[in-house]
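Chemist: could you look at this predicted model? Sequence included:
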Number of protein chains: 2
Amino acid sequence: MSHTYKYPRPSVTVDCVVFGLDLDADDLKILLIQRSGEPFAGMWALPGGFVDMDETLEQSARRELQEETGISRLFLEQLYTFGDPGRDPRGRTITIAYYALIKMSDYAIQAASDASDVAWFAVSDLPKLAFDHDKIIQTALARLKGKVRYQPIGFELLPTKFTLSQLQGLYEVILERELDKRNFRKKILGMGLLVELEEIQKDVAHRAARLYRFDEDRYKRLVKQGFNFEI
Amino acid sequence: MSHTYKYPRPSVTVDCVVFGLDLDADDLKILLIQRSGEPFAGMWALPGGFVDMDETLEQSARRELQEETGISRLFLEQLYTFGDPGRDPRGRTITIAYYALIKMSDYAIQAASDASDVAWFAVSDLPKLAFDHDKIIQTALARLKGKVRYQPIGFELLPTKFTLSQLQGLYEVILERELDKRNFRKKILGMGLLVELEEIQKDVAHRAARLYRFDEDRYKRLVKQGFNFEI
DNA sequence: TTGACAAAGTGTTGTATAGACACTAAGGTT
DNA sequence: AACCTTAGTGTCTATACAACACTTTGTCAA
């Protein structure tokens, strides 16, 4: 069955920049898939695909992620729409890019056990990418860097329970600069958005750090009162 | 001539939220056009239209603005892409929304002398709009409000030469709160981005204010050195 | 011409926040 | 028992922000 229109139409796709945080390597990573078909067969690319006619753009992004990587529950936000003629050799294609933040620890097994055509790459060591996906990733990095300071989205990258050092490391990796430990703790604890848990770290070869969790309910309440998150 | 594809494709359009500042009324305005054809004939809508196959999305937005309103040189930036199924009764349509800032004083004649189907509306007094254009406008307002504090885009709305009171009024309108005159002047002048001109206001029924212009070159140089604009 | 009006223009002070900075505590390893 | 690694903690200074009221300048009308 085919579809005929009076005027030509571009193809419309979604692509996802999925960020994960490697706590051990103190490294920000991106999930890529290896293309099996042409064009760019064998090259690495962002997970994504064509938009179905009866789903929203966000649903489309979630579905493609589910299909290609098995990842389902995550923070997802529209990034930017790329549509230069020539960005896809098959013909005019417009892609709505999304970026996602996932708790990599939750998915560690999945990504590892999956077929070899899904893998995490450190942001600082990306392979050559299909289409204009390098440009999309640069845009996503800039957005993340800009946004993480004013909205508590960084917590989406950490496990539910985390140490203050892990949180600081997260900001250091994303913002690409070092932060002062005392000032950071003073500030983040002063906001009253972290709940100190009774638990401490386990299996570390040094003094174990206290675990905290982000208090999302309190954050939402404070925002209503005009509270402004800022690192 | 018709075009046939194996899979169905959505239509792709661009829409523009054009902001202008009414210096007399101290009012933020949006440029709308009155639809002549179905659907939503007679209703007001954002200027926009279908994307051609051989132009970038931004070119497309500029072309549509030129065609429908005569406006050509302006600040234009991608806003967000709206693509819910059902947002256009003619069938699945995805629209890439842009927002633009124009020096309304430069275009005052054009908008007025044009056909009656182009008009400025105060943001606080918009008519009922076609499609989901009210939602697009709300998104644009939020973006403008968020962005104007951290990037000197506000100057795009003022004439080249402006008074400090006009600049303050601009921020007050966009941010929807009053600012202290002395603190505002101290801060904005302290940034060293305004050039004090030899000229003063004319034809005002009170003490004439000094005119300033924004020093874009200096701003660009400062940004390279890590300068952060913030109101 | 002068008095009323309207907006321009101008500094100080207290308060809060950001940034610089170094040592002790705890726990596991050798 | 000594060592190694990371956790955890407080003060001071400089800067930025917020609150606050009066004088100056020019126009217009009586």
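Modeler: Thanks, I have it.
Chemist: element containing the closest residue to residue A:52 other than its chain neighbours?
Modeler: In space, residue A:52 comes closest to residue A:60 once its chain neighbours are excluded; the distance is 6.3 Å by C-beta to C-beta, 6 or more residues apart in numbering or on different chains. All C-beta spots, glycine's among them, are computed from the backbone N, C-alpha and C. Element membership of residue A:60, judged by DSSP states H and E, is helix A:57-69.
Chemist: next structured bit after that helix?
Modeler: strand A:75-82.
Chemist: what are the pairing partners of the helix or strand just after that next one, and which direction each?
Modeler: With elements assigned by DSSP H and E, the helix or strand that comes after strand A:75-82 is strand A:93-102. When pairs are called by DSSP bridges, strand A:93-102 turns out to pair with strand A:11-22 (parallel), strand A:75-82 (antiparallel).
Chemist: what pLDDT does the residue nearest to residue A:52 get?
Modeler: At residue A:60, the predicted lDDT confidence score is 98.
Chemist: may I see the buried residues of the helix holding residue A:60?
Modeler: Neighbour counts over helix A:57-69 (16 or more other C-beta atoms under 10 Å in any protein chain shown) mark A:57-58, A:60-65, A:68-69 as buried.
Chemist: show me which of those is closest to DNA strand D.
Modeler: Proximity of the buried residues of helix A:57-69 to DNA strand D (C-beta to the nearest atom of the strand) peaks at residue A:69, which lies at 30.6 Å.
Chemist: now the helices for chain A?
Modeler: In chain A, the helices defined using DSSP state H lie at A:57-69, A:104-113, A:133-148, A:164-175, A:181-190, A:216-224.
Chemist: mean pLDDT lowest for which of those helices?
Modeler: Averaging pLDDT over each of the helices of chain A puts helix A:104-113 lowest, since it has a mean of 63.
Chemist: residues of chain A that sit close to DNA strand C?
Modeler: A:180-183, A:187, A:204-208, A:230 (C-beta under 7 Å from any atom of the strand).
Chemist: what sits against residue A:10?
Modeler: Residue A:10 makes contacts with A:83, A:91-94, B:9, B:12, B:51, B:53, as judged by C-beta atoms under 8 Å, 6 or more residues apart in numbering or on different chains.
Chemist: which ones are touching the closest residue to DNA strand C within chain A?
Modeler: Going by C-beta to the nearest atom of the strand, DNA strand C is nearest to residue A:207 of chain A, at 3.1 Å. Listed by C-beta under 8 Å, 6+ apart, residue A:207 has no contact partners.
Chemist: could you dump the helices of chain A into TSV and include distance to residue B:75?
Modeler: Converted to TSV, the helices of chain A look like this (distance: least, C-beta to C-beta, whole Å):
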stretch	distance to residue B:75
helix A:57-69	26
helix A:104-113	39
helix A:133-148	19
helix A:164-175	28
helix A:181-190	35
helix A:216-224	30
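Chemist: just to revisit the earlier point, any chance of the strands paired with strand A:93-102 in TSV, with mean pLDDT and distance to DNA strand D too?
Modeler: Shown next, in TSV, are the strands paired with strand A:93-102 (pLDDT from 0 to 100; distance: least, C-beta to the nearest atom of the strand, whole Å):
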stretch	mean pLDDT	distance to DNA strand D
strand A:11-22	97	15
strand A:75-82	98	25
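Chemist: appreciated, that's everything.
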